[in-house]
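predicted model follows, preceded by the sequence.
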2 protein chains.
Amino acid sequence: MRVPQYSGLGPTKPGEKPRVVVLGTGWAGCRLMKGLDTDIYDVVCVSPRNHMVFTPLLASTCVGTLEFRSVAEPIGRIQPAISREPGSYFFLSNCVGLDPDKHLVQCETVTDGAEPLKPWKFEISYDKLVIALGAKPTTFGIQGVEEHAIFLREVYHAQEIRRKLLLNLMLSDVPGVSEEEKSRLLHCVVVGGGPTGVEFSGELSDFIQRDVRQRYSHVKNYIHVTLIEANEILSSFDDRLRHYATKQLTKSGVRLVRGIVKDVKAQKIILNDGTEVPYGLLVWSTGVGPSPLVNSLPLAKAPGGRVGVDEWLRVPSVQDVYSIGDCSGFVESTGKPTLPALAQVAERQGKYLANLLNKIGKAGGGRANGAKEYKYEDPFVYKHLGSMATLGRYKALVDLRQSKEGKGLALAGFTSWFIWRSAYLTRVLSWRNRFYVAINWATTFVFGRDITRI
Amino acid sequence: MRVPQYSGLGPTKPGEKPRVVVLGTGWAGCRLMKGLDTDIYDVVCVSPRNHMVFTPLLASTCVGTLEFRSVAEPIGRIQPAISREPGSYFFLSNCVGLDPDKHLVQCETVTDGAEPLKPWKFEISYDKLVIALGAKPTTFGIQGVEEHAIFLREVYHAQEIRRKLLLNLMLSDVPGVSEEEKSRLLHCVVVGGGPTGVEFSGELSDFIQRDVRQRYSHVKNYIHVTLIEANEILSSFDDRLRHYATKQLTKSGVRLVRGIVKDVKAQKIILNDGTEVPYGLLVWSTGVGPSPLVNSLPLAKAPGGRVGVDEWLRVPSVQDVYSIGDCSGFVESTGKPTLPALAQVAERQGKYLANLLNKIGKAGGGRANGAKEYKYEDPFVYKHLGSMATLGRYKALVDLRQSKEGKGLALAGFTSWFIWRSAYLTRVLSWRNRFYVAINWATTFVFGRDITRI
């Protein structure tokens, strides 16, 4: 597959900085790139998107509370060296293969289909490789999910949800639609009662109560939100918080349904007990699993099919390969449990690994096979700082316990909504986006949400 | 094609308000709807988009100076009655036919292809009909324009330009691209030297000089802008201003080429003299002509194929049909010249017609065939208030002469850039968007342009 000329980036030479290749631009990869010392390393990032998505705020963009761009941070703003340093690059490409013995990754460009160019392959030699490819949504093998449901993980998902919601609102207003069809078009079904599903349901019912009733007054009585969950919603939260969430969601008009989805058709889903649920918009948010690429990598695996790592986030039995974020998990021999697929975990791992690689680089172990003698000290330890989930309408949950059984602060209501908003504001990476998120919230408060369908 | 039930909106009844049906949501239609007295009329708007595009600022959104949503104004914000009054509606549909004798329009829903629903047809009876369908870009029958070039009239055009520009910037950085291919990918060609073409070229070269050089430093020497025009650029402007524009554009790196395009291929255009110009991005902005629907309407026509109107913007020989904006022109018998296809003209006509219809309504002539006795007084008179065009980098032209031969103020440089920006700020319709445009400009000034490709 090698192109004779320009076959990619060859091994680094003595005069050059060692090269860290980062696969992925999620929480883990971006936090790592932000922390890498670019006086020591050149950074090469490979990803099909040139930005990080601030996932906890993505649900808010679907209904126009926030702008899409306020929750997306371009890589060049996270690590400026990538656009400035002669040896650092961002490649809009997918990783398609890995040869750990030769210290090589194979990549293929992303061309979107729009371009008359065909995608082409190239190779990159790495001194250190960080696999931060994330995970993909699970469908439990249910037919029709991929075709008919929309996930909520990327900005284009949020855009699709928004376009569909506004299209359905407008279509249901046009003469010639039966009452039954109107109800179907305006029935928004969310499958999965984790934080994302609950947050999206909350935002959606808030949008309906605050904005749809005013701006689509002809159809306001037809729009409904149903949240389907096989077990309990927000199962990782405190009992008291869960009851509060259930009460609040019900009060704001979200119908909570206990059920297991069996089949997904174009205009209805079928539950295990045979119930048919017609829908106009279906959002799927039932957790994540390993991507096909992660499955295919010739590396040790952790329980659940994730890339296996040891206490220092190294992939065992190969040199210079690390893995962080949702795609990685501790190998069984560490005796450690698999960490939840949370932004919090990914961010902490990215930060830890950046420090570790900086230390290795300073100790002269930055080159390929150069860290064999390095004495690894403090392993990665995850300390859970608490969970948050918003419920819309100035209500949220904050659970500051270390674990589900532990003791600690558990808050619900306006106070925690305020904490939640402030916490997110300061966690949005750049000042530009902190500013835009604040402005977006303020204008939504004053003018209501934007309903332009562009 | 009639659906037996819900076949649309029938003729208004004595207890109801008379119904004005507006086709189109451009400058003309939106200004009209804003001005209509909704105590007198119910307003029904039919358009394939639920917002107005603030076209003079559209060029700025392609390079991230402004947000897409800052230049789009939803209809419900322009005329709140449409979302509140029981007899007023917005239908996301295209008009597909007109029966002026029966006072009926035929419409078909827009479903985007995404929806499993098939588009359906319905009819609306009108008391007054306003045709404000705008125009479509002219291609002069040149092959390949529709397939390969991007126009700059809708928000989705600006989004497409932005996505392509950022894709090309990133692709040209990936190993495996030849020098020649890199130059092609990063060659942005603009065809048409009117205000839109010049403004876009100016914004683009400003983006290249201020942002690309910093953020895509590997490829900064490959990116170029060429503006192709068959005659002179900005031909409606003062000579002195034209020379100033030419000098400024050249200084900021835009290559001006005098030429006529003969053929457009996927990766190159061919000029009349045989020159081949390879391109990565092609923007087509050579003026507008009537749309196929306008051509097909069973109405009197003005020179150039537009819908013919008299001095009161009425379509002659039918009752209760008016036409405004780019789709309309004076019939020959009025002795008046066709007005240029400018936002300014459309906006003035919309305002005039709203007042006229309000007067007719107050005089009791609002119903179908009810204005036969109405005494039409002041005809529509267009007074040109001057032209403006920005050149990027805090430079603009302002030509305040009444006509090309007239005398008056002609400004170029920073002062007129400032006037230009202020003029646009106060013309953006809602306070929300005025606010956002100001914020966007401020953040672009402070942080540079956003380069997220979402």
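Thanks, I have the structure now.

any low-confidence regions in chain A?
Within chain A, the stretches with pLDDT under 70 are A:1-6, A:113-117, A:402-408, A:424-429, A:454.

output stretch A:250-262 as CSV, restricted to C-alpha atoms.
Extracted in CSV, the C-alpha atoms of stretch A:250-262 (Å, rounded to 0.1, in the frame of the first residue of the first chain):
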residue,chain,number,x,y,z
THR,A,250,-42.1,13.4,35.3
LYS,A,251,-43.2,16.9,36.4
SER,A,252,-41.6,18.5,33.3
GLY,A,253,-43.6,16.1,31.1
VAL,A,254,-41.1,13.3,30.3
ARG,A,255,-42.8,9.9,30.3
LEU,A,256,-40.5,7.3,31.9
VAL,A,257,-41.0,3.8,30.5
ARG,A,258,-39.3,0.7,31.9
GLY,A,259,-38.7,-1.5,28.9
ILE,A,260,-36.3,-3.4,26.7
VAL,A,261,-36.2,-2.5,23.0
LYS,A,262,-36.5,-5.5,20.7
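
may I see the buried residues of it?
Going by neighbour count (16 or more other C-beta atoms under 10 Å in any protein chain shown), the buried part of stretch A:250-262 is A:Ser252, A:Val254, A:Leu256, A:Gly259, A:Val261. C-beta coordinates here come from the backbone N, C-alpha and C atoms, glycine included.

which residues does the fourth one contact?
Just to be clear, that refers to A:Gly259. Applying C-beta atoms under 8 Å, 6 or more residues apart in numbering or on different chains to A:Gly259 gives the contacts A:Ile228, A:Glu229, A:Ala230, A:Leu271, A:Asn272, A:Asp273, A:Thr275.

give me that answer again for 7 Å
By C-beta atoms under 7 Å, 6 or more residues apart in numbering or on different chains, the residues touching A:Gly259 are A:Ile228, A:Ala230, A:Leu271, A:Asn272, A:Asp273, A:Thr275.

burial measure for A:Thr338, as a count.
Residues lying near A:Thr338 (other C-beta atoms under 10 Å in any protein chain shown) number 13.

so it, which of the three states?
Classification of A:Thr338 by DSSP: H, G, I helix; E, B strand; the rest coil places it in coil.

isn't it up against A:Ser328?
No: in this structure, A:Thr338 is not within contact of A:Ser328 by C-beta atoms under 7 Å, at 9.2 Å.

find the residues that touch each one of these two.
Shared contacts of A:Thr338 and A:Ser328, defined by C-beta under 7 Å, 6+ apart, comprise A:Arg306.

list just the nearest of the buried residues of stretch A:250-262 to B:Leu356.
The closest of the buried residues of stretch A:250-262 to B:Leu356 turns out to be A:Ser252 (C-beta to C-beta; 46.3 Å).

the closest one reaches A:Tyr394, doesn't it?
No: A:Ser252 lies out of contact with A:Tyr394 (C-beta under 7 Å); the separation is 11.0 Å.

domain parsing for chain A?
Chain A resolves into domains spanning A:8-135+A:290-362, A:145-288+A:385-447 when parsed by automatic domain parsing.

which secondary structure elements does the longest strand anywhere in chain A sit against?
Assignment by DSSP state E gives strand A:89-99 as the longest strand of chain A. In terms of contacts (3 or more C-beta pairs under 7 Å, 6 or more residues apart in numbering or on different chains; DSSP states H and E), strand A:89-99 is packed against strand A:42-47, strand A:104-109.

buried deepest among the ones you listed, which one?
Of all these, strand A:42-47 has the most neighbours on average by mean count of other C-beta atoms under 10 Å in any protein chain shown, namely a mean of 24.

A strand includes A:Glu160, no?
No: applying three-state DSSP, one finds A:Glu160 to be helix, outside a strand.

please name the nearest non-neighbouring residue to it.
Distance criterion C-beta to C-beta, 6 or more residues apart in numbering or on different chains; nearest residue to A:Glu160, sequence neighbours excluded, is A:Ile150 at 5.3 Å.

what's the answer for A:Thr338, then?
Nearest non-adjacent residue to A:Thr338, counting by C-beta to C-beta, 6+ apart: A:Gly329, 4.3 Å away.

now do the one you found against A:Tyr279, distance only.
Computed as C-beta to C-beta, to the nearest Å, the A:Gly329 to A:Tyr279 distance reads 34 Å.

just A:Pro340 next, same as before
In this view, A:Pro340 and A:Tyr279 are 29 Å apart by C-beta to C-beta.

give me the more crowded residue out of the two.
Neighbour totals were compared for A:Pro340 and A:Tyr279, and A:Tyr279 leads with 25 against 13 (other C-beta under 10 Å).

OK, contacts around the more buried one?
Neighbouring residues of A:Tyr279 by C-beta under 7 Å, 6+ apart: A:Arg184, A:His187, A:Val189, A:Gln267, A:Lys268, A:Ile269.

and if we set it to 8 Å?
A:Tyr279 makes contact with A:Arg184, A:His187, A:Cys188, A:Val189, A:Gln267, A:Lys268, A:Ile269, according to C-beta under 8 Å, 6+ apart.

rewinding a little: now list the buried members of the contacts of A:Gly259.
Buried by 16+ other C-beta under 10 Å: A:Ile228, A:Leu271, out of the contacts of A:Gly259.

still on that earlier bit, nearest to B:Glu67 among the domains of chain A would be which one?
Using C-beta to C-beta, the nearest of the domains of chain A to B:Glu67 is domain A:8-135+A:290-362, at 6.3 Å.

tell me the phi and psi of the residue nearest to A:Asp450 when sequence neighbours are not counted?
Using C-beta to C-beta, 6+ apart and skipping the chain neighbours, the partner closest in space to A:Asp450 is A:Gly64 (4.3 Å). Phi and psi for A:Gly64, reported as degrees, to the nearest 10, are phi 90, psi 10.

A:Gly64 contacts A:Thr444, correct?
Yes: look at A:Gly64 against A:Thr444 with C-beta atoms under 8 Å: they come within range, at 7.4 Å.

ok so, going back, quick check, nearest of the contacts of A:Gly259 to A:Thr12?
Proximity of those to A:Thr12 (C-beta to C-beta) peaks at A:Ala230, which lies at 50.1 Å.

could I get the contacting residues of that closest one?
A:Arg258, A:Gly259, A:Ile260.

residues of the stretch 301-450 of chain A that sit close to chain B?
Within the stretch 301-450 of chain A, the positions lying close to chain B (C-beta under 8 Å from any C-beta of the partner chain) are A:Ser430, A:Trp431, A:Arg432, A:Phe435, A:Tyr436, A:Ile439, A:Thr443, A:Phe447, A:Asp450.
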